[in-house]
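In: Please find the sequence and the predicted model below.
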Amino acid sequence: MKDSLFGKSLQELTALAVELGLPKFTGKQMAEWLYQKDISSMEEMTNLSKKARELLSSRYEFGLINSTKVQESVDGTKKYLFPTAQGKYIETAMIPDEDRKTVCVSSQVGCKMGCLFCMTGKQGFQGQLTAGEIVNQIRNIPEWHEVTNIVYMGMGEPFDNMDEVLKSLEILTSEWGFAMSPRRITVSTIGFVPGMLTFLSRSEAHLAVSLHTPFDDERQKLMPVQVAYPLEEVIREIKSWDFGRQRRISFEYIVFKGLNDTPRHVQELCKILNGIRCRINLIRFHPIPGTPLEGTDENTLQKFKDQLNDKGILTTIRASRGLDIYAACGLLSTKELG
Amino acid sequence: MAKSEEYQKRKPELIEVAVSGNEEVSPGVHLISWKRIFSFKPGQVVKITADPALAPRIYSICSGNEESEIRVLFNVKEDGLLTPWLAGVVPGMKIWTCKPYGSFTDGNNPAFWIATGTGIAPFYSMFRSGIPENKTLIHGVRQLDQFYFEDELDWAMGNRYIRCCSQEQSCNVFPGRVTKYLEELDVLPTGINYYLCGKALMVVEVRDLLISRGVPYQNILSEIYF
């Protein structure tokens, strides 16, 4: 099987050009074709010599992967199913909202984290995605020229696939790549500390942390990662980081009925997040098969939000999108695996 | 394991210790030890790295909390950065570790301890620390030589030590995976705690099974090997 050009960094493309005896600048030419233009084969790289194209084709494939299924919601949200090299499936959501088009990408096939509320976790861990497979989720959807924002909130824990996620961010934000502003990109973690620190030091993209409760004992029962990386350590590291004026830190908080939606939780959230300039995104929980958890009601959700805002923590409720196509990750690919 | 500039800069809470032992307890599975300098609760974990400039990995302690040494059980991952090196350490060589921490701890109440593979480590630590009363230990492996500490556990826990093996058979060993063993149990107590330790898929499958059999999710504590 031939190696893919798509997903390689400028440095890698330049190195392979040199190795093939091509001019060094061929690397940059290839990058521009791969990441900025609407082509899908080496033959279309018309500023490369015919000999160079033949040489490249003999050793490499272009590397775009087509989606095998698309579902569209009544609200315009689309969910794409992409096959992976291991014969599994990943999901990508495209969420239109007025003048924005946000793509939610997966970073792993399945997930190791085993969160109680997550459908992807039920697949267990199936494998890592390459940078090419991550970026392909943006480049190979029909809306790719219109994408305004990218969130790494699909299947998998991005910081458990650090090297490939960083490489994908490099491709997305470099001038030879997609040339997107890192301020249009948010990477979400459940609090995988070593990866989070690496990401903070090597990327300018925004960070989102899945919090879900401020209490250790409750969090441990929802999110096994709490045993390895306690919330206290996650918060301590975030507090020690200078996010500057432009970079954003947000906390994701799925609101469960009777579990994490009480005034006691408001008080504790204020306590632990004190000193962090952040936003809390409250997320409605949409039950998955076999879950013992329930989403909170709208009144309680609104009240919870108001209480947090009154305490000075900027808090918003994320609009639920694509409910009729189960846009929350994991359901479609799990069905496909079954 | 990506090299983290931040870890280089901060060297978070890591201390250098000298390895005192390295035993291959089963093909590709090692037990390394060093002198205990901190107290800990059985079930807690430590971070380990060969170099403080590299992000450490996390391992459950696999020794009793009154013992003079701390031990850690690990599988050698061929493509890993740490474990192939760790498998080759000899007494006197230095590793970096940290003060034990973590909340995967048990008390005196009845509980099921459910582990696969090297996920036995925290339960063996609890066992060696003297809290096996009222506990049932279920250990699932692929091959018979992966029942680490089998003789000791069998002698001390008797029929509260259940072995499940998915690829080989032997007397007194349930033929199949842990999930199959649990499925075939007529009764699963719902008022006790369940501690699960192992790979993600086992933890998620067992947790779902327990919940479907009426065990409140609040009674289930999981540790997943990342």
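Out: Happy to help now that I have it. Numbers count the residues shown, from 1 in each chain, chains lettered A, B, ... in the order given.
In: When you work out contacts or count neighbours from here on, use the C-alpha atoms and nothing else.
Out: Will do.
In: Near chain B, which residues of the stretch 101-250 of chain A are found?
Out: A:111-114, A:116, A:121-125, A:162-163, A:194-195, A:197-198, A:201, A:220-221, A:224-225, A:227-228, A:230 (Cα under 8 Å from any Cα of the partner chain).
In: Which among those residues count as buried?
Out: For these, a burial check counting by 16 or more other Cα atoms under 10 Å in any protein chain shown picks out A:111-114, A:116, A:121-125, A:162-163, A:194-195, A:197-198, A:220-221, A:224-225, A:227-228, A:230.
In: In helices, which of these appear?
Out: Applying DSSP state H to these, the entries found in helices are A:Met162, A:Asp163, A:Pro194, A:Gly195, A:Leu197, A:Thr198, A:Gln220, A:Lys221, A:Val225, A:Val227, A:Ala228.
In: got JSON lines for the residues you listed, with distance to A:Glu43 and pLDDT too?
Out: Output for those, formatted as JSON lines (distance: Cα to Cα, whole Å; pLDDT from 0 to 100):
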{"residue": "A:Met162", "distance to A:Glu43": "33", "pLDDT": "95"}
{"residue": "A:Asp163", "distance to A:Glu43": "30", "pLDDT": "95"}
{"residue": "A:Pro194", "distance to A:Glu43": "42", "pLDDT": "90"}
{"residue": "A:Gly195", "distance to A:Glu43": "39", "pLDDT": "92"}
{"residue": "A:Leu197", "distance to A:Glu43": "41", "pLDDT": "93"}
{"residue": "A:Thr198", "distance to A:Glu43": "38", "pLDDT": "93"}
{"residue": "A:Gln220", "distance to A:Glu43": "53", "pLDDT": "95"}
{"residue": "A:Lys221", "distance to A:Glu43": "54", "pLDDT": "94"}
{"residue": "A:Val225", "distance to A:Glu43": "47", "pLDDT": "94"}
{"residue": "A:Val227", "distance to A:Glu43": "52", "pLDDT": "92"}
{"residue": "A:Ala228", "distance to A:Glu43": "49", "pLDDT": "92"}
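In: Need the max-distance pair from those residues.
Out: Spanning the widest gap among those are A:Asp163 and A:Lys221, at 29.2 Å by Cα to Cα.
In: Taking the centroid of chain A, which residue is nearest it?
Out: A:Tyr152 (1.0 Å; Cα atoms, centre = their mean).
In: show me the contacts for the one residue in chain B that gets nearest to chain A.
Out: Closest residue of chain B to chain A, Cα to the nearest Cα: B:Leu201 (4.2 Å). Applying Cα atoms under 8 Å, 6 or more residues apart in numbering or on different chains, we find B:Leu201 in contact with A:Lys112, A:Gly114, A:Gly121, A:Lys122, A:Gln123, A:Gly124, A:Phe125.
In: Tell me which helix or strand the residue lying closest to the fourth one once chain neighbours are set aside sits in.
Out: Sequence neighbours aside, B:Val204 is the residue nearest to A:Lys122 in space, at 6.0 Å (criterion: Cα to Cα, 6 or more residues apart in numbering or on different chains). When secondary structure is defined using DSSP states H and E, the element that contains B:Val204 is helix B:200-212.
In: List the buried residues for that helix?
Out: B:Ala200, B:Leu201, B:Met202, B:Val203, B:Val204, B:Glu205, B:Val206, B:Arg207, B:Asp208, B:Leu209, B:Leu210, B:Ile211.
In: what do you get for stretch A:41-59?
Out: Those would be A:Met42, A:Glu43, A:Met45, A:Leu48, A:Ala52, A:Arg53, A:Leu55, A:Leu56, A:Ser57, for stretch A:41-59 by 16+ other Cα under 10 Å.
In: Touching it from outside, list them.
Out: By Cα under 8 Å, 6+ apart, stretch A:41-59 touches A:Lys2, A:Asp3, A:Leu20, A:Leu22, A:Thr26, A:Gln29, A:Met30, A:Trp33, A:Ile39, A:Glu61, A:Phe62.
In: change it to 7 Å
Out: A:Lys2, A:Leu22, A:Trp33, A:Phe62 (Cα atoms under 7 Å, 6 or more residues apart in numbering or on different chains).
In: Just those: which are in helices?
Out: Short answer: these in helices (DSSP H) are A:Trp33.
In: could you dump the contacts of stretch A:41-59 to JSON lines with neighbour count, pLDDT and distance to A:Gly275?
Out: Below are these laid out as JSON lines (neighbours: other Cα atoms under 10 Å in any protein chain shown; pLDDT from 0 to 100; distance: Cα to Cα, whole Å):
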{"residue": "A:Lys2", "neighbour count": "11", "pLDDT": "91", "distance to A:Gly275": "51"}
{"residue": "A:Leu22", "neighbour count": "19", "pLDDT": "95", "distance to A:Gly275": "54"}
{"residue": "A:Trp33", "neighbour count": "21", "pLDDT": "97", "distance to A:Gly275": "45"}
{"residue": "A:Phe62", "neighbour count": "19", "pLDDT": "96", "distance to A:Gly275": "48"}
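In: Report the residue ranges of every domain in chain B.
Out: By the assignment in automatic domain parsing, chain B contains the domains B:5-97, B:111-224.
In: so can I have a markdown table of these showing mean pLDDT?
Out: What follows is those, written out as a markdown table (pLDDT from 0 to 100):
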| stretch | mean pLDDT |
| --- | --- |
| domain B:5-97 | 91 |
| domain B:111-224 | 96 |
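In: Format these as JSON lines; extra columns: distance to A:Leu169.
Out: Compiled in JSON lines, those are given as follows (distance: least, Cα to Cα, whole Å):
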{"stretch": "domain B:5-97", "distance to A:Leu169": "17"}
{"stretch": "domain B:111-224", "distance to A:Leu169": "27"}
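In: Could I get the full set of helices for the chain?
Out: Let's take chain A. A:10-19, A:26-36, A:50-59, A:131-139, A:162-173, A:193-202, A:216-222, A:225-228, A:231-239, A:263-273, A:298-310, A:331-337.
In: actually chain B
Out: Using DSSP H, helices in chain B cover B:5-10, B:83-86, B:121-128, B:150-157, B:178-184, B:200-212.
In: packing partners for the strand ranked longest in chain B?
Out: In chain B, with assignment by DSSP state E, the single longest strand is strand B:15-26. Other helices and strands packing on strand B:15-26, by 3 or more Cα pairs under 7 Å, 6 or more residues apart in numbering or on different chains; DSSP states H and E, are strand B:29-35, strand B:94-97.
In: Output it as CSV, nothing but the C-alphas.
Out: C-alpha atoms of strand B:15-26 as CSV (Å, rounded to 0.1, in the frame of the first residue of the first chain):
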residue,chain,number,x,y,z
ILE,B,15,11.9,12.5,42.2
GLU,B,16,14.7,10.3,41.3
VAL,B,17,14.8,6.8,42.8
ALA,B,18,17.1,3.8,42.4
VAL,B,19,15.5,0.6,41.1
SER,B,20,16.0,-2.3,43.5
GLY,B,21,14.5,-5.1,41.5
ASN,B,22,13.2,-6.1,38.1
GLU,B,23,11.4,-9.5,37.7
GLU,B,24,9.8,-10.8,34.5
VAL,B,25,6.7,-12.4,36.1
SER,B,26,5.3,-13.6,32.8
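In: Pop the domain breakdown of chain A in here.
Out: A:3-61, A:69-337.
In: residues in contact with A:Lys221?
Out: Contacts of A:Lys221 by Cα under 7 Å, 6+ apart are B:Gln218, B:Ile220, B:Leu221.
In: quick one on the thing from earlier: do you know how far the spatially closest residue to the residue nearest to the centre of chain A that is not a sequence neighbour is from A:Ile150?
Out: Counting by Cα to Cα, 6+ apart, A:Val187 is the residue found nearest to A:Tyr152 once chain neighbours are left out, at 4.7 Å. Look at A:Val187 and A:Ile150: by Cα to Cα, to the nearest Å, they are 8 Å apart.
In: hmm, back to that, could you identify which of the domains of chain A is most buried?
Out: Ranked by mean neighbour count under mean count of other Cα atoms under 10 Å in any protein chain shown, the domains of chain A are led by domain A:69-337, which reaches a mean of 19.
In: Quick check: phi and psi at the residue in chain A that chain B sits nearest to.
Out: The nearest approach of chain A to chain B comes at A:Gly124, 4.2 Å away (Cα to the nearest Cα). Torsion angles at A:Gly124 (phi, psi; degrees, to the nearest 10) stand at phi 70, psi -170.
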